[in-house]
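Colleague: Task: produce atomic coordinates for the following.
(2 chains)
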Amino acid sequence: MEFGVCSDKSKAFIRLDPRSKLLLLMAISIIMIGGTTVGIEGVLRIICAAIPCLLLLSIRQYKAATIYLLLLGTALFCEKQVAPYTHGMCNIILMMICGLITRFVAGYMMGWYTVKSTSVSEFITAMEHMHCPSFISIPISVMFRYFPTLSEEYKSINDAKRMRELGHPLKQPLTYVEYILVPLMMSTVRIADELSAASLSKGLSAGGKRTHICEIGIGPIDIVAIIGSITMFVLFLVY
Amino acid sequence: MIEIKNVNFKYSGSDIGSLNDINLKIAPGECVLFCGKSGCGKSSIIRLFNGMIPNFHEGELGGSVSCNGEELINMPLYKIARKFGTVFQNPRTQFYTVNTTSEIAFGLENMGVAREEILRRVAETAKELEIEYLMDRSIFELSGGEKQIIAFASVYAMNPDVYLLDEPSANLDFTAIEKVRKILKLLKEKGKTIIIAEHRIYYLRDILDRALYLEDGRIIREYSVSNLDKMSYEEHEKTGIRMLELSEMNYTGGHKRNNEGECFLTYFSGFYGKKKYLEIAHARFETGKIYAVIGNNGAGKSTFLSAFSGVMKKTEGFVLENNDVLGRRKRLKNGYIVMQEVNHQLFMDSVLDEITTGKRDIDDGALSNLLSELDLAGLEERHPMTLSGGQKQRVIIASARYSNKRYLFFDEPTSGLDFYHMIKVSELLKSISNDDVYIFVVTHDYEFILSCCDAVVHIENGGLKEQYELDVVGLNRIQEFFLINKK
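Modeller: The predicted structure is shown next:
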C-alpha cells in the first residue's frame, strides 16, 4: 500500500477507482479458482489471466508482469506437456503445483496490483463512498498505521530480550513467545489507547458527513471494468 | 475566557483524587504553563479541557469547565475539537493516517470541510509553519521531531482558538524544540490561547505569561516569569521545575575516580542490511566515566549504541579492551541498553526474578547489596509493571549489574522527567559508575549532562565528530552545541 495521499497518477496510464479494482479482483479470483478450462469458461479464464498483466504494465511494474507471465506460462506448459509423461506420485505433485499456480496466481497478482496502485487514503475514501459502516472503516484505517507501529515495538522488545539472553527461539519456544507477547500486549494496549484519544480529539466520530482530501471517482475505464466484470460473472454463472 | 470552577476528579479505580478543588480563569491569548512533579495532575488538566475527561478517561467528575460561558463538560468531543486542539506527548502514537498531508487534512475532513478548502488550508499550514519539505511523505520515514511538527500542523490546520499541549517536548531533541518554539511564537502572535503541561520550560521563555504549580492534584502556587527566573537551585530541586535559563545550571559532574580500564574502537562501523550507518575510525573510552552521547536526531546516536552493545547484527572493525578483541557476542554478553521505553525490558512477574533472571543459585550478598544500593529493598516480590517509572528503570539497571554487564548504555533516561527526578537519575548514574563499568548516555538534556557527565561523545552524520572531557574548554563547547549564551 502506498503511503502517499493519492497514488501517483502521472505514472499510471490506466487509472481505476478502488471500487472497480475490488470488483475486478473478485471476478478474477472466482473465475480463475472455480472455472473449468473448456468452452466459454476457458475463454473467460484467458481474459481473466490477461487483465492483471495489462494492469501491472499500466503502473509500469514490468518486472512483476514478466514474472507473472513466466510463472503462468511454465505452469500451463507443465500441465499440458510435461505432466502426461510422468506417473504416480510425481504426476500428482506436479499436477497439484501447476493447478495451484494456474488457479491462484492471477488473483494474487490482481490483489498485488490493487495494493500497489491504491494509497491508504484512496482506499479509505472508497470504503466510505461504499457506505461501509464506520465500525468497519475506522478499525481498518487505523490498522494500516497500527501494524508498522507494532513492528517497531516488536523490534525493540526483541532487542531487549536478546540483551538479557532470555528464551532461545528453538530451545525454549514457549518462554520465547511469552517474553515477546507479554510486553508486546502491554504496549499494544497503550498504543491503541493513545491513538484513539488522539483521533477523538481531532473530531473523529463527528455526527456529520466526513469529506475527503483524496478524490476518487468512476471514470469511463471504470465503467468498462465494472460492466466487464459483471458480464463475466453472468456468463460464468449461466454456463 | 476559559474558566474552571470547583473541579474535582477521580479516575475510576483510583482511591485518591487526581484533581482537587481546581479553580482558575484563563484569558484569551494567554499562555499558561501547568507544572509539577510526575503524577501531580497536570496532564489531567489538559484532558479536562479537551474533553478526554470524562468522555475517554472515566471517573467521578464534579464542578464546571466553561469556555466563553459555554459548559464543556458533556459537550460532544467533535464539538470541543473545533475550539480546542491538542498536541500529545508521544509523536509515535498520535497519527490516524500514514501520510503527512492526509494527517494535516484529517481534522478538517472530520469537520466536513469542502475538498478545495481543505487543500487550501493544508497548503497554507505548510507555508506558515515552513514545512513544505515534509508534505506528502510517509509518516514512518519521519524522525520523532518531524512527527511532532506534523502533529502541530494537523492542529494548526483546524485553526482552534485554544492549543492544548501535553509535554510536547518530552521526546524531542534540541533542534526540534527550537522549531516548536518558533511555532509557539507564531501562535502567540496570532492571539491564540496556549495551555501547556510541561517539565522543560526553557523554550517557553518568550511565550509564557504565568505558571501554575500543582501538587497532588491541587494548584498550590502561581509563578510569574520573573519568579521562575529568580529560583534558586534548591528550589528547583524541591519543586521539580526545570531551569528557565539553561545558562544558570552549574556543573556538578566530573568526580575523580580511578580510571583503570580502557577500551578502543578501531575502524568500527555498523550496518543495517548493506547500508553503512556508522563509521568511527578511532575512539578511546575509560571506565569510571559517564559519557554523554550527543548529536542531532538521525546523526547516528542510537546506531552507535546498538552497534557498540552488540545488538546490531552486522558490524565491522574492532572493539578492543585490555588487548582483548570483543566480538559481537562478547559485547552482547557484557553490554546492556537501558531503553527509553522501560516497559519493553521487563519480562518477569516479580522484581526478584527480573533481577536474577529467574536463576535458582542466587548470590544473596551481592543481591542485597545491589537492592539497597539501588533503593529497591523491600520491593522484591512486587510485580515490575506496578512500579513507578523511576523504580522500573532501577530494576532494569539492577538486572544488568547482577549479570555483571560492564558496558551500560542509556537511551534518553531523563526525557519527560522533572528536575527532581532528573537529579535522582544523575545521582544514580554517579553511584553505579565505578572503575569497572563504562557508561554511555544518549541525551538531549543539557541540565542532566551538567549534573553528572564527565565527557562528551559528539556524533554527527554517522561518525564521531569530536570527543572531549567536560573541563572548562569542554563546558564551553557543550554550551555552544546547545546555543547557550555564556554567563
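Colleague: which regions of the chain lie under the pLDDT threshold?
Modeller: Looking at chain A here, since you left the chain open. In the predicted model of chain A, residues A:1-12, A:167, A:206-208 satisfy pLDDT under 70.
Colleague: wait, I meant chain B there
Modeller: B:256-259, B:358-360, B:486-487.
Colleague: Just give me the residue closest to the centre of it.
Modeller: When C-alpha atoms, centre = their mean is applied to chain B, the residue found nearest the centroid is B:Ser415 (2.5 Å).
Colleague: Repeat that for chain A.
Modeller: Short answer for chain A (C-alpha atoms, centre = their mean): A:Gly111, at 4.0 Å.
Colleague: Does it lie in a helix or a strand, and which?
Modeller: helix A:88-117 (DSSP states H and E).
Colleague: cool, B:Asp21 as well?
Modeller: strand B:19-26.
Colleague: How about exporting that strand as CSV, limited to the C-alpha atoms?
Modeller: Presented in CSV, the C-alpha positions along strand B:19-26 are these (Å, rounded to 0.1, in the frame of the first residue of the first chain):
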residue,chain,number,x,y,z
LEU,B,19,-7.7,16.9,40.6
ASN,B,20,-8.8,18.6,43.8
ASP,B,21,-10.6,22.0,44.1
ILE,B,22,-9.3,23.4,40.9
ASN,B,23,-10.4,27.0,40.3
LEU,B,24,-8.9,29.1,37.6
LYS,B,25,-9.5,31.6,34.8
ILE,B,26,-7.5,31.9,31.6
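Colleague: So which bits of it are buried?
Modeller: B:19-20, B:22, B:26 (16 or more other C-beta atoms under 10 Å in any protein chain shown). No exception for glycine: its C-beta is placed from N, CA and C like everyone else's.
Colleague: Could you list the paired strands of that strand along with their orientation?
Modeller: Strand B:19-26 sits in its sheet next to strand B:2-11 (antiparallel), going by DSSP bridges.
Colleague: in the strand it pairs with, what counts as buried?
Modeller: B:2, B:4, B:7-11.
Colleague: Alpha carbons of that strand, in PDB - could you do that?
Modeller: What follows is strand B:2-11, C-alpha atoms only, in PDB (Å, rounded to 0.1, in the frame of the first residue of the first chain):
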ATOM      1  CA  ILE B   2     -11.900  29.800  30.000                       C
ATOM      2  CA  GLU B   3     -13.000  29.100  33.500                       C
ATOM      3  CA  ILE B   4     -12.700  26.100  35.800                       C
ATOM      4  CA  LYS B   5     -14.900  26.200  38.900                       C
ATOM      5  CA  ASN B   6     -14.500  23.800  41.800                       C
ATOM      6  CA  VAL B   7     -13.400  20.900  39.800                       C
ATOM      7  CA  ASN B   8     -12.700  17.600  41.500                       C
ATOM      8  CA  PHE B   9     -11.800  14.500  39.600                       C
ATOM      9  CA  LYS B  10     -11.000  10.900  40.500                       C
ATOM     10  CA  TYR B  11     -10.100   8.300  37.900                       C
END
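Colleague: picking up where we left off before, contact partners of the strand holding B:Asp21?
Modeller: B:1-9, B:32, B:41, B:44-45, B:48, B:63, B:193, B:195, B:212, B:216-219 (C-beta atoms under 8 Å, 6 or more residues apart in numbering or on different chains).
Colleague: what about 7 Å?
Modeller: Here strand B:19-26 makes contact (C-beta atoms under 7 Å, 6 or more residues apart in numbering or on different chains) with B:1-9, B:32, B:41, B:44-45, B:193, B:195, B:212, B:217-219.
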